[in-house]
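A.B. asks: Give me a model of this one.
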Amino acid sequence: MIVSTARGFLISLGLAALVACTSVPVASLPKLAALDPVAMDASQIEVAVRAPDDYDLPEDGATLVLTVWQEEGDRTREELFHLKPVPGGLTAFLTKRSKAGFAFHRLRIDPKDAPRMDEFRAHMLSLKDTPGQKSLSVSVTTRPCLKPGANPFKDPRIAIYLRPTREDDYFTLVKERSVPIELPDGDARYCQTG
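C.D. replies: Model (predicted):
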C-alpha cells in the first residue's frame, strides 16, 4: 500500500487473476504513488495483458474493479467494469516487451459504462474533504480461455500492464505469472468457437 498524505487517500493496487493475487513490481511503485486518485479518470485507464498465443481473453475475460472505502461509518463502494478491446497497435513500451509465442490484448472500460464511471468518480471526489481515512483499490482480474488444440494441462503465464491516461505509457503491474484456467468444476476454460 502507498500512502498519499497530500490527498488524504490511501491507494492500494491489487491485481488478481482468478484467485491468485500477486504483488506490484518495486520499479512500478513510484508510478503508482504518482497517481492522484482524486483527479484520476478511470475511463482513460488502459490495461494490456500479455498471454501465450494458445490462450485468448473472451468477452468477459478481463475486469477492472474499483473500490473506495471510507473509515467514517466503514462504508465501501465497489464497481466492476468488464474491459473491452482497444483498437490500434502497440506502444513502444509494449513492443519492447513482446515475446515470441505471446500476444497482447489492449483493453479499456466500455464507453457505454461512462455514466457509471462518472457516478463512481463523483462519489470518490465527494469524499475528498470528509474527515477520516479513505482508500482506493484498483484491481484487474483476468480469465483467459484455452484455444482448441492447446495444452489443457499447462496454465498460461500472464503479464499485466497499466496505462493511467492515453497520454502516458504503460508500466508493469504484474510480471509474468501463472494463471489457472481451471473452472470450479475442475474442467479447463475453453474459448467459445464459431
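
A.B. asks: check contacts around the residue positioned nearest the centre of the chain.
C.D. replies: For the chain, the residue sitting closest to the mean C-alpha position, by Cα atoms, centre = their mean, is Val140 at 2.7 Å. By Cβ atoms under 8 Å, 6 or more residues apart in numbering, the contact set of Val140 is 15-16, 47, 62-65, 160, 162, 173. Bear in mind the C-beta positions are built from the backbone N, C-alpha and C, glycine included.

A.B. asks: Kindly state the beta-bridge partners for it.
C.D. replies: The partner list for Val140 in beta bridges (DSSP bridges) reads Leu15, Leu64.

A.B. asks: Return the distance of it relative to Ala48.
C.D. replies: Distance, Val140 to Ala48, by Cβ to Cβ, to the nearest Å: 10 Å.

A.B. asks: joint contacts of these two?
C.D. replies: Ile160.

A.B. asks: hang on, isn't Pro131 packed against Gln70?
C.D. replies: No - using Cβ atoms under 8 Å, Pro131 is not in contact with Gln70, being 9.6 Å away.

A.B. asks: So between these two, which is more surrounded?
C.D. replies: For Pro131 and Gln70, the more surrounded residue by other Cβ atoms under 10 Å is Gln70, and the numbers stand at 19 against 9.
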